[in-house]
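In: model this:
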Amino acid sequence: MASKTIHMKFYPWLKNPYKIIIKQHQNKKPHHAFLIKTIKGLGVFELIWHISKWLLCNAVNNTKYCNKCHSCKLMSSGNHPDWHQYMKNPSEIITIDHIREINEKIFKYPQQGKNKIIFLSDIQKLTESAINALLKNLEEPPEKTYFFLIDYSNLKVSSTLYSRCLIYKLFPPKEKNSLNWLNNQKLLNKTFNIISLRINQGSPISAKKFISDGLWEERKNLFIYFLKSIKDKNLLKILPILSVNNTLLKIDWICLLLFDAMQIYFNYKKKIINFDQLELIQFFSCNYNYLILDKSIQIWTKCRYTLSNIPVINNELLLIEQLLKWEKILSFIV
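Out: From the prediction side, this is the model:
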């Protein structure tokens, strides 16, 4: 049975990073370990896949791989023996056993005779012992072996790990460029695209997913209930919609709305995220000072942390407690 051909998208904002990284190899000054710091939703996996295909191609033409040689065909079929991708499952943790498996692969000669690629798609998933074992490989890697690592966090996992890698920061494209791309995807209108983009930290791919997966509608419904509960001074009315599906995301949306209210409070209106929810934003910015708005964001952030880190907790009870606490902060109850 023939293998299914893999077609990786090449997003327009990845063209320049691709050329920069390939150029290092063309100039014979490549680093053996490349760590990309970025956010999710920019297509960094696709970037590394294309770079790897070039590194493994047997007939490259300047910055392009040939797409015809045996090595390119193996990559396109997902069966290249010198391309080693770890963490295919988002929930997978990389342990010291995985690193031992990597050791066995990297000290063997490349099966296709060119290079070997080790790809770790999220260094946050590495255990401490796995990091320590990986450091030895990064210190003295065998020839023709290249490591690609992705870091989606702003926190330093290991300063030693960072010191063994060349750090490349991949930022979201300019908002106008992302909007052009989103508008070409035939999604909602331009206003909705801007809001979706800002909710998703400027990530065009995440913004598209936000709209096409129905999250836009979920957000809209949450704020309809939210506005009614505010007017009735009864925040428990949002409990049924808050406690079902995507609770953590909904907490994020509430925090972003409160952040907008803080910006309006300080008369900074340039980068308002939820500008389709001005009635809610103005309610908070007109009735509460920045200390109360900041305290509100803090208690929601704490609630979110508890929900995401304590698996045995009763979510509904925690949300009830949170909403009642917030009512008190907002002086709905004395």
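In: Going by C-alpha atoms from here, please, whenever you check contacts or count neighbours.
Out: OK.
In: So what's the residue count around Ile254?
Out: Residues lying near Ile254 (other CA atoms under 10 Å) number 18.
In: Name the SS class of it, please.
Out: At Ile254 the chain is in helix, as set by DSSP: H, G, I helix; E, B strand; the rest coil.
In: now the protein, which segments are flagged as low pLDDT?
Out: Low-confidence segments of the chain, defined by pLDDT under 70: 1-8, 87-90, 154-158, 187-188, 333-334.
In: how about the strands in it?
Out: With DSSP state E as the criterion, the chain has strands at 33-37, 83-86, 116-120, 145-151, 166-169.
In: Can you tell me how far the most centrally placed residue in the chain is from Tyr290?
Out: For the chain, the residue nearest the mean C-alpha position is Lys40 (1.8 Å; CA atoms, centre = their mean). When distance is defined by CA to CA, to the nearest Å, Lys40 is 30 Å away from Tyr290.
In: Next: Thr306.
Out: Taking CA to CA, one finds Thr306 at 24 Å from Tyr290.
In: which one of those two has more residues nearby?
Out: Tyr290 (17 against 14).
In: list the contacts for the more buried one?
Out: Counting by CA atoms under 8 Å, 6 or more residues apart in numbering, Tyr290 touches 262, 265.
In: please redo it, this time with the cut-off set to 7 Å
Out: Met262 (CA atoms under 7 Å, 6 or more residues apart in numbering).
In: Also Leu56?
Out: Contacts for Leu56 (CA under 7 Å, 6+ apart) come out as 71, 114-115.
In: if you look at the residues you listed, which of them are in helices?
Out: Of the contacts of Leu56, the ones assigned to helices by DSSP state H are Ser71.
In: Filter the contacts of Leu56 down to the buried ones.
Out: Neighbour counting over the contacts of Leu56 (16 or more other CA atoms under 10 Å) leaves 71, 115 as the buried ones.
In: The contacts of Leu56 into TSV, with extra columns for distance to Glu92?
Out: Output for those, formatted as TSV (distance: CA to CA, whole Å):
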residue	distance to Glu92
Ser71	28
Lys114	29
Asn115	26
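In: I'd like to check which residues are in contact with Pro110.
Out: Going by CA under 7 Å, 6+ apart, Pro110 touches 82, 116.
In: for it, phi and psi?
Out: Main-chain torsions, Pro110, degrees, to the nearest 10: phi -60, psi 130.
In: number of nearby residues for the nearest residue to the residue nearest to the centre of the chain once chain neighbours are set aside?
Out: Nearest residue to Lys40, sequence neighbours excluded (CA to CA, 6 or more residues apart in numbering): Tyr152, at 6.5 Å. If you count neighbours by other CA under 10 Å, Tyr152 ends up with 14.
In: Would you mind measuring from the residue nearest to the centre of the chain to Ile299?
Out: 26 Å.
In: The closest residue to Leu280 other than its chain neighbours: neighbour count?
Out: What sits nearest to Leu280 in space, not counting adjacent residues and going by CA to CA, 6+ apart, is Leu227, at 6.4 Å. Around Leu227 there are 18 other residues, counting by other CA under 10 Å.
In: Could you do Glu140 as well?
Out: Counted with other CA under 10 Å, residues neighbouring Glu140 total 10.
In: Pick the most deeply packed of the strands of the chain.
Out: The highest average neighbour count among these, using mean count of other CA atoms under 10 Å, belongs to strand 116-120 at a mean of 23.
In: What strands flank it, and is each parallel or antiparallel?
Out: strand 83-86 (parallel), strand 145-151 (parallel) (DSSP bridges).
In: and of these, who's closest to Lys208?
Out: Between Lys208 and the strands paired with strand 116-120, the shortest gap by CA to CA is with strand 145-151, which sits at 22.0 Å.
In: Now do that closest one against strand 33-37: the angle between them, please.
Out: Strand 145-151 and strand 33-37 are oriented at 20 degrees to each other (axes from the mean of the first three to the mean of the last three CA atoms, to 10 degrees).
In: what residues does strand 145-151 touch?
Out: Strand 145-151 has contacts (CA under 7 Å, 6+ apart) with 32-38, 106, 115-124.
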